[in-house]
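Colleague: Prediction below, plus the sequence it came from.
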Amino acid sequence: MKRLKNFLFLLAAIPVVAFASEAGPPLDKAPVNLADQESLQRGARMFVNYCLNCHSAGAMRYTRMQDLGLTEDQIKQNLLFAAEKPGELMKVSMPKADAKAWFGAAPPDLSVVARSRGPDWLYTYLRSFYRDDSRPTGWNNVVFDKVGMPHVLWSLQGEMAPVYKKEGEQEVLDHLQLVKPGSVTLAEYDAQVGDLVNYLTWMGEPAQLQRKKLGLIVLAFLAIFFVVAYYLKKEFWKDIH
């Protein structure tokens, strides 16, 4: 009986432990709109220019960007920097061994990162880098403490520095402050990160809009078929009932 009580106690504690493990800084809402093709096109450009140097997207082909309203010529001229043909997968040439030696770990494939991490996490993460001289890359992140990835978008955002506040006997991070402006304003940077996260969300499931549209069509068909089936049933069984 005692063992049963202990087991039930551990079982009840699982949700609490899981909740505690997911605790972290609050996340900002990502401006995801998969129907905004212009935003997705800008996000694709950001991804190719800034992310594809280290991160691959091995489940995505360049030609799939035609679903975003781009022609094959536009893809070749503006986005095809790491491949020779539009039909190739979005891979990088950097060897994993070199990447691990430089960054401490090989950069992960980003094909489904928005599905694993969530758009809000990505949106907050890409806007939460700050200078930290104790780190090998010189950067740290509020959302991902001791991150191995450098701030590849620093030239756009600028350099942020942490501002601390006292809570009891400890100093905790309060907010980030811009100490060296980048090439765009912080509002413009947030918009660009929003476009990038929008594209990453689309890339995780390019057929999402078509799937939802098809789902609505199927539900409408079933609703109409239900009415037809109901009256057919009444007609077939009218002599019995």
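Modeller: Yes, it's here. Residues are numbered from 1 along each chain as shown.
Colleague: what about the strands in this structure?
Modeller: If DSSP state E is used as the criterion, the strands of the chain fall at 57-61, 89-90, 129-131, 139-141, 158-167, 170-181.
Colleague: what packs against the shortest one?
Modeller: Contacts defined by 3 or more C-beta pairs under 8 Å, 6 or more residues apart in numbering; DSSP states H and E place strand 89-90 against strand 57-61. To be clear about C-beta, it is placed using only N, CA and C from the backbone, and glycine gets the same treatment.
Colleague: Any buried residues in the strand it packs on, and which?
Modeller: Ala57, Met60, Arg61 (16 or more other C-beta atoms under 10 Å).
Colleague: low-scoring pLDDT stretches of the chain, where are they?
Modeller: Within the chain, the set of residues satisfying pLDDT under 70 comprises 1-23, 241.
Colleague: centroid residue for it?
Modeller: Ala114 (2.7 Å; C-alpha atoms, centre = their mean).
Colleague: That residue and Asn198, how far apart?
Modeller: Note on Ala114: its distance to Asn198, by C-beta to C-beta, to the nearest Å, is 9 Å.
Colleague: Any chance you could list what contacts stretch 189-206?
Modeller: Stretch 189-206 has contacts (C-beta atoms under 8 Å, 6 or more residues apart in numbering) with 30-34, 36, 39-40, 42-44, 46-47, 50-51, 57, 60, 64, 67-68, 110-115, 119, 122-123, 126-127, 153, 156-157, 182, 184, 208, 211.
Colleague: Inside helices: which ones of the residues you listed?
Modeller: Taking DSSP state H as the definition of helices, these contribute 39-40, 42-44, 46, 113-115, 119, 122-123, 156-157, 208, 211.
Colleague: from the residues you listed, which two are the most distant?
Modeller: Gln157 and Arg211 (34.3 Å; C-beta to C-beta).
Colleague: More neighbours: those two, which one.
Modeller: When Gln157 and Arg211 are compared for neighbours, Gln157 comes out ahead with 24 against 11, by other C-beta atoms under 10 Å.
Colleague: Pull the contacting residues for the more buried one.
Modeller: With contacts taken as C-beta under 8 Å, 6+ apart, Gln157 has the following neighbours: Arg127, Phe129, His151, Gly182, Val184, Leu186, Tyr189.
Colleague: Counting neighbours, what do you get for the fourth one?
Modeller: Neighbours of Gly182 under the rule other C-beta under 10 Å: 17.
Colleague: How about the closest residue to it other than its chain neighbours: which residues does it bridge to?
Modeller: Setting aside the residues directly before and after it, Gly182 is nearest to Gly158 in space (C-beta to C-beta, 6 or more residues apart in numbering), at 3.4 Å. Following DSSP bridges, Gly158 is listed with bridge partners Pro181.
Colleague: any idea how far Gly158 lies from Asn53?
Modeller: Between Gly158 and Asn53 the computed distance is 20 Å (C-beta to C-beta).
Colleague: Compare these two and say which is more crowded by neighbours.
Modeller: Taking Gly158 and Asn53 together and counting by other C-beta under 10 Å, Gly158 has the greater number of neighbours (18 against 14).
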